[in-house]
Structures are given as C-alpha cells and as structure tokens.
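Enquirer: My questions are about this predicted structure, shown below with the sequence.
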Amino acid sequence: MRINGLILLGLLSSAAVWADAASDAAVAQADIASQVRQAVPTLKNARQAWLVLRFLELGATPSPPEVIAQLRQRVATERPFDAVLQRQMLESDEPMDGRGRPRRELAAEQPPTASLQRSAAVLAELELADPGNAQNGIVALRLLPNDLADPIYTERLHAIAQSGRYQGDFVAWLQAADELSQALKLVPTPAPAGDTENDPPTEPSIVMAFGLAHALDVNGGRQRLIAACKVELYPERAADCQSIARKLLAGDDTLIGQLLASALLRTSASDAALVAEAAAATRRTRWWTEMRWAIAADAGNQASAHNEAQFLQAMIAHGEIPAIREWLLAHQVALDPPGDWQPMQTL
C-alpha cells in the first residue's frame with residue numbers, strides 16, 4: 001500500500017476509535033477533514049503541511065482550493081532547506097515499479113542527458129541541506145538513466161560508499177506525525193509510566209500508520225541500488241556495494257531497511273563468507289521481528305496496551321530498531337537468535 005493510503009487509514013482508524021460520533025468511515029473522514037482544514041494556519045512546519053496536504057488530496061470531500069494552495073506554498077517555501085522533506089517528496093512523487101524503475105519512465109523514456117542533469121541537480125540540493133548523508137546519493141539514484149551499466153552508477157556508488165554517515169528519516173517523520181496527531185487531538189497524549197488506565201488504545205494510529213508506510217515507501221532508491229550492485233553483472237562495484245550495505249546495516253533504524261541492506265550485501269557478495277554474513281543479518285532481523293510480536297501476544301490486554309504505548313514512544317524517540325532492542329532486553333530476550341532457531345516462512 002502506498003504511503004498516502006496508510007496515512008489516510010491511520011487517520012480514519014484513529015477517528016473510529018476515539019470519536020464516538022463517527023459512526024462510519026465517511027462521517028469520520030469528513031469530520032477529520034474539517035478539523036484538519038481549520039488547523040492549517042497553525043501548522044508548525046512544512047513537514048506537517050505536507051502530511052495534511054496528502055491527507056486532504058486523498059479525501060472524498062473536496063477541500064477549498066485556497067487551503068490546498070496555502071499548503072502547497074508552505075511546502076514549496078521550506079522544501080529547499082529541509083532534506084528530510086525533499087527526500088520524502090522525491091520518493092512519493094516518483095514511485096518505482098518492481099524492478100526499481102521509475103514508473104514515469106515506463107511510459108516514455110527520458111533522454112539520458114535529462115535524467116543525468118536532474119539527478120545531479122537533486123543531489124546537489126540535498127547535499128546543501130544535509131551534507132555528507134549517504135541517503136542523499138541513494139535517493140538520487142532513482143533519477144539516473146535506466147541503463148544500469150552506465151559508468152555514472154559506478155561513480156555514484158563509489159561516492160555513496162565514501163559518505164561519512166547514513167541517517168534515515170524514519171524518526172523525523174514519526175515525530176512529525178506524532179506532533180501533528182497530538183495537535184489535532186486525533187491521538188491522546190500517552191499517560192505517564194505505570195498509569196495503565198489512561199494509556200491510548202492500541203488500534204492503528206496516524207503515527208504508527210505513517211511510520212510503517214514511510215519505512216515501506218522510501219526504498220525506491222534502494223531498489224535501484226540493489227539492481228546496480230549485482231556482482232555477477234558489475235563485479236567492479238562489489239567493494240563499494242559491500243561498504244554501502246554495511247553502512248546501512250549499522251545505521252538504518254527500520255526493520256525493512258535492515259532487510260534491504262542484507263539483500264544488498266547478498267547481491268554484492270563476492271565470496272561464501274559474505275553470503276553467510278548476509279544470511280546471518282537477515283536471520284537476526286527476522287528474529288527481532290518475530291520476538292517483538294511474540295512478546296506482545298503473550299501480554300495481557302492491559303499490559304499490552306501499556307507496553308505498546310511505551311514501545312511507540314521509544315520508536316518516536318530513537319527509531320524502530322533501537323526500540324525493538326530495548327523491548328527485547330527488557331523482556332530478557334537475547335538480541336541474537338539461538339543456533340537452532342528457525343524463522344517463520346513469512347514475516
């Protein structure tokens with residue numbers, strides 16, 4: 001499901017839980033849309049404006065053109081200075097197909113020169129706003145020509161491998177969604193630790209919906225990255241691709257990001273030891289996933305609600321992977337799977 005659909009799903013789910021007057025989705029959506037439109041003048045930043053804009057654009061009830069124009073202007077004004085917003089808008093505006101090709105290019109191939117120029121311009125803009133972040137180069141890969149054998153890929157991959165850090169946007173968007181949902185009073189403020197009576201329900205919220213959607217949606221550049229790192233086709237890129245994979249494994253704070261990094265390491269593996277390393281990374285991520293949900297399933301309803309509220313706050317503060325590690329350690333579960341453990345067939 002696309003990110004916009006999950007934002008909408010999260011909003012409507014929250015409304016259905018916390019607004020007794022909303023007897024059906026249509027009423028809930030209309031109520032929320034009205035509430036959201038009234039909040040437009042008080043939005044804190046362009047990230048919140050972008051969230052609201054996407055929600056209103058999906059709504060069944062048309063919004064006043066002046067409201068949409070105001071939101072678009074807010075986003076356009078702040079976008080050049082906000083790399084997090086730039087990267088998200090690029091990913092959302094340029095959806096990829098299953099082979100890592102921008103769908104817009106399937107209808108009519110862009111001239112390679114135009115693709116190169118646009119990719120270079122986008123990368124330069126991102127570097128101005130967020131210097132040295134490897135994610136800039138990864139996102140900009142999606143705008144390159146479709147010929148993965150083009151030497152520009154070798155050049156860009158080397159530059160990404162040399163980047164000093166990888167910082168994803170998952171936490172930034174979780175925080176933006178959380179602040180927005182609190183401001184709109186769609187999600188109650190979590191109660192202090194130990195106050196289980198006032199914990200928020202564990203139904204899907206805009207925060208969780210947006211966070212999960214973001215984790216699934218920002219990987220168009222990674223799809224292109226993995227395709228350009230196939231060791232059997234481009235062996236000269238293996239060292240750089242392996243370096244990038246390890247950088248992502250060390251720095252990505254989402255489960256899907258960890259799985260994609262493992263896939264990148266496997267794709268670029270030039271020997272059996274690297275294949276085994278990639279398999280171990282995938283196995284560890286699947287262990288984290290299964291244990292996280294197993295612990296949640298074992299808890300009673302009241303304890304589960306409180307634990308989920310704490311887990312969500314840890315995600316907002318630190319990211320999904322740090323929150324899961326904290327969750328496992330708190331429940332005395334090892335971070336690495338036992339030698340005889342076998343993952344489920346599907347995540």
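Expert: Structure's in. What do you need? Numbers count the residues shown, from 1 in each chain.
Enquirer: ok, the residue lying closest to Trp287 once chain neighbours are set aside to Arg284 distance?
Expert: Excluding its sequence neighbours, the residue lying closest to Trp287 (CB to CB, 6 or more residues apart in numbering) is Pro337, at 3.9 Å. Every C-beta, even on glycine, is put in place using the N, C-alpha and C of the backbone. According to CB to CB, to the nearest Å, Pro337 and Arg284 sit 7 Å apart.
Enquirer: just Thr61 next, same as before
Expert: As judged by CB to CB, Thr61 and Arg284 stand 46 Å apart.
Enquirer: Neighbour count: those two, which is higher?
Expert: Arg284 (16 against 11; other CB atoms under 10 Å).
Enquirer: Can you give me every residue that contacts the more buried one?
Expert: Residues in contact with Arg284 (CB atoms under 8 Å, 6 or more residues apart in numbering) are 335-337.
Enquirer: Would you convert the residues you listed into CSV that also reports distance to Gln242, pLDDT and secondary structure?
Expert: Output for the contacts of Arg284, formatted as CSV (distance: CB to CB, whole Å; pLDDT from 0 to 100; DSSP: H, G, I helix; E, B strand; the rest coil):
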residue, distance to Gln242, pLDDT, secondary structure
Leu335, 23, 96, coil
Asp336, 22, 96, coil
Pro337, 23, 96, coil
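Enquirer: Just the buried ones from the residues you listed, in PyMOL syntax?
Expert: Applying 16 or more other CB atoms under 10 Å to the contacts of Arg284, the buried members can be selected in PyMOL as follows:
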select buried, resi 337
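Enquirer: ok, of the contacts of Arg284, which one's closest to Leu259?
Expert: For the contacts of Arg284, the closest approach to Leu259 (CB to CB) belongs to Pro337, at 15.0 Å.
Enquirer: in the longest helix seen in the chain, what counts as buried?
Expert: Counting by DSSP state H, the longest helix found in the chain is helix 272-298. By 16+ other CB under 10 Å, the buried positions in helix 272-298 come out as 274, 277-278, 281-289, 291-292, 295-296.
Enquirer: same deal with stretch 70-79?
Expert: For stretch 70-79, by 16+ other CB under 10 Å, it's 70-71, 74-75, 78-79.
Enquirer: Neighbours of the closest residue to Ala281 other than its chain neighbours, how many?
Expert: Excluding its sequence neighbours, the residue lying closest to Ala281 (CB to CB, 6+ apart) is Ser262, at 4.2 Å. Neighbour count of Ser262, defined by other CB under 10 Å: 23.
Enquirer: again with Lys185
Expert: Other residues close to Lys185 by other CB under 10 Å number 13.
Enquirer: Kindly report the same for Val333.
Expert: Around Val333 there are 17 residues (other CB under 10 Å).
Enquirer: how about it, secondary structure?
Expert: Reduced to three states with DSSP: H, G, I helix; E, B strand; the rest coil, the structure at Val333 is coil.
Enquirer: Skipping its backbone neighbours, what lies nearest Thr154 in space?
Expert: Using CB to CB, 6+ apart, the nearest residue to Thr154 is Arg237, at 5.7 Å.
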